[in-house]
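> sequence and computational prediction follow.
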Amino acid sequence: MHKKVLPIAVALLIIGAITTTTVLFIFPYDPFNPPHLDDAGSTSQGIQEVVNANNQFAFDLYSKLNETDEGNIFYSPYSIFSALAMTYEGAKGQTSEEMKSVFHFPENDVLRPNFAAVYNGINQGSKSYELRTGNALWGQIDYPFLEEYINRVGTYYGGKIANVDFANETEKSRQTINSFIEDQTNNKIKDLIPPGALNALTRLVLTNAIYFNGEWEWEFDKSDTYEKNFIITPGNVIETPMMHMAPDDFTKFNYANLEDLQILELPYKGDKISMLILLPTVNLSVIEPSLTAEKLNEYQNQMQETFLDDIYLPKFEFDTKYFMKETLSSLGMPTAFGNANFSGMTLAEQLCISEVIHQAYVKVDEEGTEAAAATAVIMFGESVIPEKRVFNADHPFIFIIQEQETGNILFMGRVTDPTTE
């Protein structure tokens, strides 16, 4: 009996080892351990230039989405910025100029080492919260990408390349990429690339994923959460679970009560990440048209440590998905989607971006926040005021999850209806 069991056990171990080896070979790296990048040459000024570029794009995109989207908005500007920065490294001529303008990229000698520094900062790890990001390239096997491009993206952006076969195994390639993204985002971003988005003419897919899970520095007591009115518009009032906090006499929050809005910062444990909430006095239309990175800095400069008597914030959880070809084209980079020049990637044929897909998820409750986002750039070949100091978020508001030290905006959104999933 034992002699029969032993060969079977050995065989199972061999099969398991082969399976594990196959998975590790397919994925460019362990989804939970993104590579450390070469940030030699980065400076505090250079890091701020990259952060400023990301943040300006964050508000440009918000303004564009706000033109057509009346519901909840949520996205990671950093994720989109990262995926398109890797794409930009292969762009030339007008394609490059338009992308640089839309994303406010600094010069390459500033962008590369300082993007790497920002990336390393996000991935530095913490016992208090989870925060990680990772980039990847998924290239058609045996396709002649320029070695210089592959090395540069790997060195400064962490875009390690994995070989897939879009031509002969399109669906398997799609599932492999989606599985990697799902692992990177703790199963929160599923099916990023939908069926039909890839075909035999796909040459390259560039992806970014970012995941955050943090607890509030001062948690809301679940027993103090109760149904309360949320005023979507004066004629549309709903009931939603509203969290409540009555801070003690020793707790101060970074806060400002300005003419048109209140702004509150809620820190997460670890003193590195926080949520900013911009609550307009009347409605969002008061502040949205003028909302820019510079305006946010102006608001933040007026914030002071303040004792608050009450804080009300709705619980919410929703996800979003954007197909961004038209949005990015209208922001000023149409050439990348048509008669593009990505000769910095390959000289084999003319590539263009087929689609940019962005998906995001956020959950805010009494304990803290979980947020995730992923971006895929698909490239085809040539063939295709109260008496008390009360912060009461009982009407639509904007929220931002940022790195406190640099102000780098990781996630940004708008809550119009907290009951919508």
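Done, it's in. Numbers count the residues shown, from 1 in each chain.

> got the residue ranges for the helices in the stretch 251-400 of the chain?
Listed from the start of the chain, the stretch 251-400 of the chain has helices (DSSP state H, counting those that start in this stretch) covering 293-301, 325-331.

> could you dump the ones you listed into TSV with mean neighbour count added?
From N, CA and C alone the C-beta is placed, and that goes for glycine too. Supplementary listing: those in TSV, determined by neighbours: other CB atoms under 10 Å:
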stretch	mean neighbour count
helix 293-301	14
helix 325-331	17
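
> could the ones you listed go into TSV alongside distance to residue 406 and mean pLDDT?
As requested, those are exported to TSV (distance: least, CB to CB, whole Å; pLDDT from 0 to 100):
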stretch	distance to residue 406	mean pLDDT
helix 293-301	12	93
helix 325-331	24	96
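
> give me the below-cutoff pLDDT ranges for the stretch 301-421 of the chain.
383-388 (pLDDT under 70).

> the strands in it, which residues?
Per DSSP state E, counting those that start in this stretch, the stretch 301-421 of the chain carries strands over the ranges 304-306, 310-314, 316-323, 352-364, 368-380, 390-392, 397-403, 409-415.

> which one of those strands lies closest to residue 179?
Proximity to residue 179 (CB to CB) singles out strand 368-380 among the strands of the stretch 301-421 of the chain, at 12.0 Å.

> adding mean neighbour count and distance to residue 261, write the strands of the stretch 301-421 of the chain out as CSV.
Below are those laid out as CSV (neighbours: other CB atoms under 10 Å; distance: least, CB to CB, whole Å):
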stretch, mean neighbour count, distance to residue 261
strand 304-306, 11, 15
strand 310-314, 21, 15
strand 316-323, 17, 19
strand 352-364, 23, 19
strand 368-380, 25, 21
strand 390-392, 17, 11
strand 397-403, 23, 9
strand 409-415, 24, 13
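
> and of those strands, who's closest to residue 161?
When the strands of the stretch 301-421 of the chain are ranked by distance to residue 161, counting by CB to CB, first place goes to strand 368-380 at 13.2 Å.

> same for the closest one, what does it pack against?
Applying 3 or more CB pairs under 8 Å, 6 or more residues apart in numbering; DSSP states H and E, we find strand 368-380 packed against helix 77-88, helix 170-184, strand 202-215, strand 352-364, strand 409-415.

> okay if I get these as a markdown table plus distance to residue 273?
As requested, the helices and strands packed on strand 368-380 are exported to a markdown table (distance: least, CB to CB, whole Å):
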| stretch | distance to residue 273 |
| --- | --- |
| helix 77-88 | 12 |
| helix 170-184 | 18 |
| strand 202-215 | 6 |
| strand 352-364 | 13 |
| strand 409-415 | 8 |
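
> any idea how far stretch 40-55 is from the chain center?
Computed by CA atoms, centre = their mean, to the nearest Å, the separation of stretch 40-55 from the middle of its chain amounts to 18 Å.

> what residues sit buried inside that stretch?
Buried residues in stretch 40-55, counted by 16 or more other CB atoms under 10 Å: 42, 46, 47, 49, 50, 51, 52, 53, 54, 55.

> likewise for stretch 75-95?
Using 16+ other CB under 10 Å as the burial criterion, the residues of stretch 75-95 that qualify are 75-91, 95.

> output it as CSV, restricted to C-alpha atoms.
Output for stretch 75-95, consisting of C-alpha atoms alone and laid out as CSV, is shown next (Å, rounded to 0.1, in the frame of the first residue of the first chain):
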residue,chain,number,x,y,z
TYR,A,75,-11.2,56.9,-10.4
SER,A,76,-7.5,56.7,-9.7
PRO,A,77,-5.7,59.5,-11.6
TYR,A,78,-2.5,57.9,-10.5
SER,A,79,-3.4,54.6,-12.2
ILE,A,80,-4.3,56.3,-15.5
PHE,A,81,-1.2,58.6,-15.3
SER,A,82,1.0,55.5,-14.7
ALA,A,83,-0.3,53.4,-17.6
LEU,A,84,-0.1,56.3,-20.0
ALA,A,85,3.3,57.4,-18.8
MET,A,86,4.6,54.0,-19.9
THR,A,87,2.8,54.4,-23.2
TYR,A,88,4.2,57.9,-23.6
GLU,A,89,7.8,56.5,-23.4
GLY,A,90,7.2,54.9,-26.8
ALA,A,91,5.6,57.9,-28.4
LYS,A,92,7.2,60.3,-30.9
GLY,A,93,6.3,63.5,-32.7
GLN,A,94,2.8,64.9,-32.4
THR,A,95,1.6,61.8,-30.5
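
> quick revisit: JSON lines please, covering the buried residues of stretch 40-55 and showing distance to residue 265.
As requested, the buried residues of stretch 40-55 are arranged in JSON lines below (distance: CB to CB, whole Å):
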{"residue": "42", "distance to residue 265": "27"}
{"residue": "46", "distance to residue 265": "26"}
{"residue": "47", "distance to residue 265": "21"}
{"residue": "49", "distance to residue 265": "24"}
{"residue": "50", "distance to residue 265": "22"}
{"residue": "51", "distance to residue 265": "17"}
{"residue": "52", "distance to residue 265": "19"}
{"residue": "53", "distance to residue 265": "23"}
{"residue": "54", "distance to residue 265": "19"}
{"residue": "55", "distance to residue 265": "16"}
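
> can you put those in a markdown table and add pLDDT?
Rendered in a markdown table, the data for those read as follows (pLDDT from 0 to 100):
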| residue | pLDDT |
| --- | --- |
| 42 | 96 |
| 46 | 98 |
| 47 | 97 |
| 49 | 97 |
| 50 | 98 |
| 51 | 97 |
| 52 | 96 |
| 53 | 97 |
| 54 | 97 |
| 55 | 97 |
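
> can you list those residues in CSV and add distance to residue 245 and secondary structure?
Shown next, in CSV, are these (distance: CB to CB, whole Å; DSSP: H, G, I helix; E, B strand; the rest coil):
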residue, distance to residue 245, secondary structure
42, 38, coil
46, 39, helix
47, 33, helix
49, 37, helix
50, 35, helix
51, 30, helix
52, 33, helix
53, 35, helix
54, 31, helix
55, 28, helix
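
> how deep is the nearest residue to residue 217 once chain neighbours are set aside tucked in, by neighbour count?
With CB to CB, 6 or more residues apart in numbering as the measure, residue 267 is the residue that lies nearest to residue 217, at 4.4 Å, once sequence neighbours are left out. Other residues lying near residue 267 total 17 when counted by other CB atoms under 10 Å.

> wait, residue 267 sits on residue 252?
No - with contact taken as CB atoms under 8 Å, residue 267 and residue 252 are classed as non-touching, separated by 10.9 Å.
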